[in-house]
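*Asks:* the sequence and its predicted three-dimensional model are supplied below.
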Amino acid sequence: MHIINVILFNFGRCSIDILANVLKEIRLSSRTYFCADFETPWGMDIPSSQHGGFHIAVTGEFYVYIKHNHKHIHLKEGDIIAFPLGAAHQLSDNNTDKAADSLLNGESVVEAILSGNNPFEPKGLSNSLNTVLCGAFNYDTSLNHPLFNDLPEYIHIKSSELPWLQGLVSVLSNETRTAKPGYSVLVDRLTEVLFIQLLRAHMLEKMLIAVF
């Protein structure tokens, strides 16, 4: 077995036990807000929150702008970005800096889409479309554990790096859109799986860095 695989196996086996114990204590819950088609130009401003949030580029690509360090992150089709600590950020179809008052408020966008009034609803005026899936994670932030004390501001996972991501994203987007019986519970559970997978990927990445 390749040395990296051996390291991942041995460290991973231990870390999964630690992760499982922590997850039992934090009362994790999650919710997918929407999976919607956006026609360019579009953008939203998402203020800081006590809850973690995530965004997935189901189709197309878009940019995430982190306010305090002026950093742009390019999400390509199938990529996901999560903000486990609820950091403020912006989403838009391009990487041009925009004033917050020129973007729609993220909470207002969620409310509008859930009420059937997508503010970025495709009207056939542009050939550029994005399908975006957004949601949130909730957990007990009072738990004093190194795993959560050391969480980064964001976790960016590329679909090319983790084979499981594409399948999970496909199921999530399909269930959110079709609204079959029991879909809301299924989607919430799948989102919890997504959060756990993100934590696992982050832990294993840190262990590899520590080893090498």
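*Replies:* Sure, I can see it.
*Asks:* give me the spatial nearest neighbour of Gly135, chain neighbours excluded.
*Replies:* Nearest residue to Gly135, sequence neighbours excluded (CB to CB, 6 or more residues apart in numbering): Thr32, at 3.9 Å. No exception for glycine: its C-beta is placed from N, CA and C like everyone else's.
*Asks:* so the one you found lies in a strand, does it not?
*Replies:* Yes. Under DSSP: H, G, I helix; E, B strand; the rest coil, Thr32 sits within a strand.
*Asks:* that one contacts Arg177, doesn't it?
*Replies:* No. At 10.6 Å, Thr32 and Arg177 do not qualify as touching, with contact defined as CB atoms under 8 Å.
*Asks:* who has more neighbours, those two?
*Replies:* For Thr32 versus Arg177, the count of surrounding residues by other CB atoms under 10 Å is larger for Thr32: 22 against 16.
*Asks:* quick check, pLDDT for the more buried one.
*Replies:* As predicted, Thr32 sits at a pLDDT of 87.
*Asks:* dump the residue contacts of it.
*Replies:* With contact set as CB atoms under 8 Å, 6 or more residues apart in numbering, Thr32 has these partners: Leu133, Cys134, Gly135, Leu172, Thr176, Val187, Asp188, Leu190, Thr191.
*Asks:* residue ranges of the strands in this structure, please?
*Replies:* Secondary structure of the chain by DSSP state E: the strands cover 29-39, 43-46, 52-59, 62-66, 71-75, 80-83, 89-92, 104-105, 129-138, 155-157.
*Asks:* residues of the fifth one that come out buried?
*Replies:* Buried residues in strand 71-75, defined by neighbour count with 16 or more other CB atoms under 10 Å: Leu75.
*Asks:* what lines up beside that strand in the sheet?
*Replies:* Here strand 71-75 is paired, per DSSP bridges, with strand 62-66 (antiparallel).
*Asks:* same check, this time on the last one
*Replies:* Its sheet considered, strand 155-157 pairs with strand 80-83 (antiparallel) by DSSP bridges.
*Asks:* show me the contact partners of the partner strand.
*Replies:* For strand 80-83, contacts defined as CB under 8 Å, 6+ apart pick out 52-57, 64, 73, 75, 89, 137, 153-157, 159, 165, 169, 194-195, 198.
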